[in-house]
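Visitor: Dropping a prediction and its sequence here:
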Amino acid sequence: MTTSTQHVAAPGTRRAGRLMKRQAAWKPSLLPFFVTGIAAYVVSSWLYYDENTLMGWAVTILWTLPVASSVVGIAGAVLTRRRIKRQRDWAPPEPVTQDRLIVLVPTIGRHDTYPALERSVLSYCEFMPAWFGDLRIEVLTEEGCEAAERIDALAATHPLIRVVTVPKAYKTPNGTRFKARANHYSHELRIAEGEALDDVWVLHMDDDTGVGPDTAQQVARFINAQRRAGDDAKHLAQGMLTYPRENAVNRLTWLADAIRPADDIARFAVLTGGGTPLVGLHGELLLIRSSIEATIGWDFGPDSICEDAHLALVFSSRYKGRSDWFSGRSYGASPSNMRDFLKQRERWSWGLVGLAFNKTLPRHSRALLMYSVTTWVIGPFQHVAVVLAAGALMGDINTSPVSPWILPLWAITMGYAVWMYWEGLKINASVSANGRRLWWEPPVVLLLMPFFAIWEACGSFKGLLRYLRGTENQFVVIAKPA
């Protein structure tokens, strides 16, 4: 590891203080869900047409299918509210003095991804050392990557940074490729260096995702809590992904990504936070014991392009009840344009569909993911514009369900969809410089929901088609802004 006495300049502590105050006062609101759900039920009841037609049966199936996910999501939001309320009564967090933390940042090492990598790594150097007495920041690169010199120069600016280079000739036993291959190399290196221990934690981060003062504080709080928990200690935890406005070069993709932090405080909060991450994990702000990671590894085979979700399902089958959720945030960047946004969703869908039908995993571990993926990839056929167009062609535009008792279920789904964009936008705005939504952003994000829905659906459906065609897997890395 290259060392230097030069340190990274700290950003304004006043802004960090304001950020911490905003986050201390935050809790998710359920009002948008109730208002939208009630309005949707009233309107749909008024428009209800009591005649069973082919289109009525079709929409009954298509629009009722996502209800279970919506119910799980709302349950997660309620659980998050309770957690946040209890957290305010906790004792102040303390620095971690007994456990070691390794912040692992894999990067493809291209010049167009380097600025975001630098922003992220400097944030680790800024906020993590005050909370972790035994800390290492590990940048994981590929031998011969084009930005290698810039990455080495970055490592020379701080003694905590170590660059780990994956040799081009390195192969895993199962022929794993892409990011999972690099992660597996790092995991084998930790084993060889004697770091596959219960008191060594690995914080997995993406190369465009930084941290703030709350991130370091909440990670420290979680690790200290596990030392006190004894036999009930958790082995894995996930926090929230957020997207500050300043990290976005495209306001449209930033608005579209409002849905992501909302998912973290909803479905992920209730499943990962409930002990078993059956719908997957994110590759960033993922905290896991090195000893547990050593029993799983990342050698999932050449078709794995959603290695984080694969790890989650293996973990779920081996360590039930041992995962948790914490309220710390990571700070990422939305794709630079809608084309990259589509590519990103396509890759996720492609990988998750393959994972849902991966017979090497227990069927009970895949069941919930299979349901979630199914409701996602059929999105184009659920979109109201597509349904109305198909009905017009068929001469049957009846969009009433076969029974009025279905209407409350549809109201739940509509209320949850609006809540996700409303609450997610609030979260992303709260971590931005001014800390609040601009006056025009809430109405615009609601008006654009049909467009965002069809764009998300197109990406997921393209991923399904690639899987069905048996196209060779590709790990598409899009450039993110600095």
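Guide: Sure, I can see it. What you see is a predicted model, and the numbers here were worked out from it, not measured in a lab.
Visitor: so what pLDDT did the nearest residue to Phe341 once chain neighbours are set aside get?
Guide: Among residues not flanking Phe341 along the chain, Pro335 sits closest, at 4.4 Å (Cβ to Cβ, 6 or more residues apart in numbering). Backbone N, C-alpha and C define where each C-beta goes, glycine included. Reported pLDDT at Pro335 in the predicted model: 93.
Visitor: Please apply the same query to Ala248.
Guide: Predicted confidence (pLDDT) for Ala248: 92.
Visitor: returning to what we had before: was I right about the residue nearest to Phe341 contacting Glu346?
Guide: No - when contacts are counted by Cβ atoms under 8 Å, Pro335 is not listed as touching Glu346 (11.7 Å).
Visitor: higher neighbour count, those two?
Guide: Pro335 (25 against 21; other Cβ atoms under 10 Å).
Visitor: Doesn't that one belong to a strand?
Guide: No - judged by DSSP: H, G, I helix; E, B strand; the rest coil, Pro335 forms no part of a strand; its state is coil.
Visitor: Next up, the contacts around the residue nearest to the spatial centre of the chain.
Guide: In the chain, the centroid-proximal residue (Cα atoms, centre = their mean) is His282; its distance is 4.2 Å. Contacts for His282 were tallied using Cβ atoms under 8 Å, 6 or more residues apart in numbering; they are 238, 241, 264, 268, 308.
Visitor: Would you list the buried entries among those residues?
Guide: Buried subset of these (neighbour count, 16 or more other Cβ atoms under 10 Å): 238, 241, 264, 268, 308.
Visitor: so which pair among the residues you listed is furthest apart in space?
Guide: Asp264 and Asp308 (13.4 Å; Cβ to Cβ).
Visitor: Counting by contacts, list what the lowest-mean-pLDDT helix or strand in the chain packs against.
Guide: For the chain, using mean pLDDT, DSSP states H and E, the weakest element among its helices and strands is helix 13-25, scoring a mean of 72. Applying 3 or more Cβ pairs under 8 Å, 6 or more residues apart in numbering; DSSP states H and E, we find helix 13-25 packed against helix 213-229.
Visitor: which residues are contacting the helix it packs on?
Guide: 16, 19-20, 23, 90, 93-96, 98-99, 101, 127-128, 130-132, 199, 201, 203, 233-234, 237, 239, 285, 287, 324, 326-331.
Visitor: Just want the angle from the helix or strand just after it to helix 213-229.
Guide: Going down the chain from helix 213-229, the next helix or strand is strand 236-242, by DSSP states H and E. With axes from the mean of the first three to the mean of the last three Cα atoms, to 10 degrees defining the directions, strand 236-242 sits at 160 degrees from helix 213-229.
Visitor: After strand 236-242, which helix or strand is next?
Guide: Next element after strand 236-242 (DSSP H and E): helix 251-256.
Visitor: Output that next one as CSV, restricted to C-alpha atoms.
Guide: Extracted in CSV, the C-alpha atoms of helix 251-256 (Å, rounded to 0.1, in the frame of the first residue of the first chain):
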residue,chain,number,x,y,z
ARG,A,251,-32.8,15.7,-14.3
LEU,A,252,-35.1,13.3,-16.0
THR,A,253,-33.2,10.2,-14.9
TRP,A,254,-32.8,11.7,-11.5
LEU,A,255,-36.6,12.0,-11.2
ALA,A,256,-37.0,8.5,-12.5
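Visitor: buried stuff in it?
Guide: Under 16+ other Cβ under 10 Å, the buried positions of helix 251-256 are 252-256.
Visitor: about what we covered before: any of the contacts of helix 213-229 buried? List them.
Guide: Among those, the ones that count as buried (16+ other Cβ under 10 Å) are 16, 19, 23, 93, 96, 99, 101, 127-128, 131-132, 199, 201, 203, 234, 237, 239, 285, 287, 324, 326-331.
Visitor: ok, which stretches of this structure are strands?
Guide: 100-106, 135-142, 161-166, 200-204, 210-211, 236-242, 286-289, 323-331 (DSSP state E).
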